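Undergrad: Show me the folded form of this:
(chains A and B)
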Amino acid sequence: MKGGTLLDAAGMVFVAGYLLLLLAVGWWGRAASRERSLKDFYLAGHSLGLPVLFFTLYATQYSGNNLLGFAGAAYRSGFGFLVSVTFMMGVVAVYWLFAPGLHRLSRSRSYITPGDYIADRYGSRALAQALNLIFLITLSTYIITNLKAIGFVVELATQGAVSFSAGVIGLALIMVVYETLGGMRSVAWTDAIQGVLLFLGGLLVVAALGYHSNGFVDLIDKLKANRPEFWQAPDLSAQVRWVSVMLLVAFGAAVYPQALQRIFAAREAHVLRRALQWLVFMPLVTTLFAVIVGLSGAAIFPELTKLESESVSLRVIGHLRLAYPELAFLFVVFIAAVIAAIMSTVDSALLTISSIFTQDIYRPLRPHAGQHHLTSVGKLFSWLLMAGLVILAVDLPQTIWKLTQLKLELLIQAAPAILLGISQQRPSAKALLTGLAIGVSISIVLIFADDLGLDLSPRPLGVHAGLWGVTSNLLVVVAWRKLEQSVAS
Amino acid sequence: MARVAIVILLSILTAPFPALWSAEPAGLPGWVWQLLAGAFLFAVLVALLLQRHWDEE
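TA: Numbering: from 1, shown residues only, chains lettered A, B, ... in the order given. Purely as a prediction, here's the structure:
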């Protein structure tokens, strides 16, 4: 890569110090725990106040994909990828639809997992387990892709001094250690550190870019000369694609189970409300920055291949590092921010899977098990799961890679059950299960139409498969409800 | 349902409408400025909705 090693000896010391700090915070989280119970371990005993809740929501919502993948997408798509700024805000808009009711119910009914909520509201363990299956598939593949990204970043930033496998294994080990030390409390507190780094990393790089390019004027001129197609006005198909991706991400990402558990963990309703009010502005200083970095990369390095464009942020930093060697340390912060963004996403997803296994799968099998025993089982499961996911991340089978493409398209099928669950007039579990089965089937068939030998577009009329799936899902739920009402009357 | 409709409508309104803009302020297409302003307004509106219509029922 141009610009030489991004992490020199001083940079590695900084990152090592940051990683040690995470372990110290993990230990602190353990020391602060009030009791050995699932509620304390997985929800920090409902103790998350405003700063920690805000940062854990922020750091969990923004994965490494925001700093790496989004910049790459902006490099390839141009200004149209500003949709990423709005769809991250759209996620908070969808929280507005159900977070107040969900928080109230979680406190009055003592939910630990989203499965508790579903089973309680619809009186159906089958529906809860069907949603858990979706959550487990999406979260596992999410962790695997993020672990792959972290290995890739470490290897690239150290110019191979730390190999891909060593990066994945080492950082996975650190995450599972601090996660099992203090559960949600440790994860949320480390998220706070990671959130600050994430914010600072983007800010520093964009500030350096602005300074380097005469307030972006030079970059805009260069971009127009190198990529004039970015100036073309979007047509109707681009507008449809915009709305489609906006709705897919807003409704899909809002029902990530780790986000739902943060709603449960908020200390008070007004704390949650204020955290969401702050969160809705964060795309302007995170996602927008990633888009600016990607567009700057398109101006500076116009000839990158698709694969090379995935690391455009790191290339831009390498370029700035060459221009300003005295600011090298600032760019170390960006690398630390990328690592932090990935770790904060992986640790939250890992904790949530562990809670689903312990509360929704293991506990019904051992109904008389004590809280101490259940917490220990959850910790042991975290270690085993992380080991398995690390192996898959290092050598990912093609079948699992295919599953990663389904993440939001599958997740959005859970949205009707989650959103309607707060309502007094809920549909029946049977209606939701049928709708879910049809929605998932339609999404899978459309996405894998090519592999199945079907002559179907994965995005009919420019609309994502997941949206066709969830529309059918909802129509089935409504029709089933009407049928039930007419039979009852 | 009304709230879902509000979120969907706001989402549609954030889309680019290039026909409305012909000028290129600061060298960027008018519709890019529309997207940026739209994103900011969207955030403000959602923050206001959270403030004014936080219903737990």
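Undergrad: Chain B against chain A: which residues are in contact?
TA: B:3-4, B:7-8, B:10-12, B:14-19, B:26-29, B:31-32, B:35-36, B:38-40, B:42-43, B:46-47, B:49-51, B:53-57 (C-beta under 8 Å from any C-beta of the partner chain). Using the backbone N, CA and C atoms, a C-beta is placed for each residue, glycine as well.
Undergrad: Let's see that with 6 Å instead.
TA: With C-beta under 6 Å from any C-beta of the partner chain as the criterion, chain B meets chain A at residues B:3, B:7, B:11-12, B:14-16, B:18, B:27, B:29, B:32, B:35, B:39, B:42-43, B:46-47, B:49-50, B:54-56.
Undergrad: Remind me what the helix or strand of chain B with the lowest mean pLDDT packs against, helices and strands.
TA: Lowest on mean pLDDT, DSSP states H and E among the helices and strands of chain B sits helix B:2-13, with a mean of 94. With contacts taken as 3 or more C-beta pairs under 6 Å, 6 or more residues apart in numbering or on different chains; DSSP states H and E, helix B:2-13 sits against helix A:83-109, helix A:236-253.
Undergrad: all helices for chain B, in order.
TA: Under the criterion DSSP state H, chain B contains helices at B:2-13, B:30-52.
Undergrad: Highest mean neighbour count out of those helices?
TA: Of those, the one with the most neighbours on average (mean count of other C-beta atoms under 10 Å in any protein chain shown) is helix B:30-52, at a mean of 18.
Undergrad: next one: that one to chain centre, how far?
TA: On the basis of C-alpha atoms, centre = their mean, to the nearest Å, helix B:30-52 sits 4 Å off its chain's mean C-alpha point.
Undergrad: Quick check: the residue of chain B nearest chain A.
TA: Closest to chain A within chain B is B:P18: 3.4 Å, counting by C-beta to the nearest C-beta.
Undergrad: What number of residues are in the vicinity of that residue?
TA: For B:P18, the count of nearby residues is 17 (other C-beta atoms under 10 Å in any protein chain shown).
Undergrad: now B:F17
TA: Using other C-beta under 10 Å, B:F17 has 15 neighbouring residues.
Undergrad: measure it to A:Q425 for me?
TA: 37 Å (C-beta to C-beta, to the nearest Å).
Undergrad: A:A449 now?
TA: Counting by C-beta to C-beta - A:A449 and A:Q425 are separated by 37 Å.
Undergrad: Repeat that for A:G370.
TA: Plainly put, A:G370 is 38 Å away from A:Q425 if you go by C-beta to C-beta.
Undergrad: now swap in A:F14 and tell me
TA: From A:F14 across to A:Q425, the span is 55 Å (C-beta to C-beta).
Undergrad: In the chain, where is pLDDT below threshold?
TA: In the absence of a named chain, chain A is used. A:1-5, A:397-405 (pLDDT under 70).
Undergrad: wait, I meant chain B there
TA: Within chain B, the ranges that satisfy pLDDT under 70 run B:56-57.
Undergrad: What is the subsequent helix or strand relative to the helix or strand harbouring A:L19?
TA: If you go by DSSP states H and E, A:L19 is part of helix A:9-32. Remark: after helix A:9-32, the chain's next helix or strand is helix A:38-43, criterion DSSP H and E.
Undergrad: Tell me which helix or strand comes right after that following helix.
TA: Defined by DSSP H and E, the subsequent element after helix A:38-43 is helix A:50-61.
Undergrad: Who are the packing partners of the helix or strand where A:V440 lies?
TA: Secondary-structure element containing A:V440, defined by DSSP H and E: helix A:429-447. Contact here means 3+ C-beta pairs under 6 Å, 6+ apart; on that basis helix A:429-447 packs against helix A:125-157, helix A:465-488.
Undergrad: tell me the angle the shortest one makes with helix A:429-447.
TA: Right, the one you point to is helix A:465-488. Orientation check (axes from the mean of the first three to the mean of the last three C-alpha atoms, to 10 degrees): helix A:465-488 against helix A:429-447 gives 150 degrees.
Undergrad: And for the first one?
TA: What separates the directions of helix A:125-157 and helix A:429-447 is an angle of 40 degrees, with the same axes, to 10 degrees.
Undergrad: how far does the helix or strand just after helix A:125-157 sit from the chain's center?
TA: Once the chain leaves helix A:125-157, the next helix or strand it forms, by DSSP H and E, is helix A:164-212. Distance of helix A:164-212 from its chain centroid, counting by C-alpha atoms, centre = their mean, is 13 Å.
Undergrad: and helix A:164-212, what other elements does it pack with?
TA: For helix A:164-212, the elements it packs on are helix A:9-32, helix A:38-43, helix A:50-61, helix A:125-157, helix A:287-300, helix A:328-355, helix A:371-394, judged by 3+ C-beta pairs under 6 Å, 6+ apart.
Undergrad: Would you mind listing the buried residues in the third one?
TA: Just to be clear, that refers to helix A:50-61. Neighbour-count burial for helix A:50-61 flags A:50, A:52-61 (criterion: 16 or more other C-beta atoms under 10 Å in any protein chain shown).
Undergrad: Next secondary structure element downstream of that helix?
TA: Going down the chain from helix A:50-61, the next helix or strand is helix A:64-67, by DSSP H and E.
Undergrad: residue contacts, the closest residue to chain B within chain A?
TA: At 3.4 Å from chain B, A:A233 is the closest residue in chain A, using C-beta to the nearest C-beta. Contacts for A:A233 were tallied using C-beta atoms under 6 Å, 6 or more residues apart in numbering or on different chains; they are B:P18.
Undergrad: Out of the helices and strands packed on helix B:2-13, the one nearest A:L322 is which?
TA: Judged by C-beta to C-beta, the one of the helices and strands packed on helix B:2-13 that comes nearest to A:L322 is helix A:83-109, at 28.0 Å.
Undergrad: From the rest of the structure, what touches stretch A:327-343?
TA: A:6-7, A:11, A:14-15, A:18, A:62-64, A:67, A:146, A:149-150, A:153, A:157, A:175, A:194, A:197-198, A:200-201, A:204-205, A:317, A:321.
Undergrad: hang on, the earlier thing: settle it for me: which of A:A449 and A:Q425 has more neighbours?
TA: Each of A:A449 and A:Q425 has its neighbours counted (other C-beta under 10 Å); A:A449 has more, 16 against 6.
Undergrad: Just the element for the residue of chain A closest to chain B, please.
TA: Assigned by DSSP H and E, A:A233 falls within no helix or strand.
Undergrad: residues near the spatially closest residue to A:S313 that is not a sequence neighbour, how many?
TA: Nearest residue to A:S313, sequence neighbours excluded (C-beta to C-beta, 6 or more residues apart in numbering or on different chains): A:A71, at 4.3 Å. Residues near A:A71, counting by other C-beta under 10 Å, number 32.
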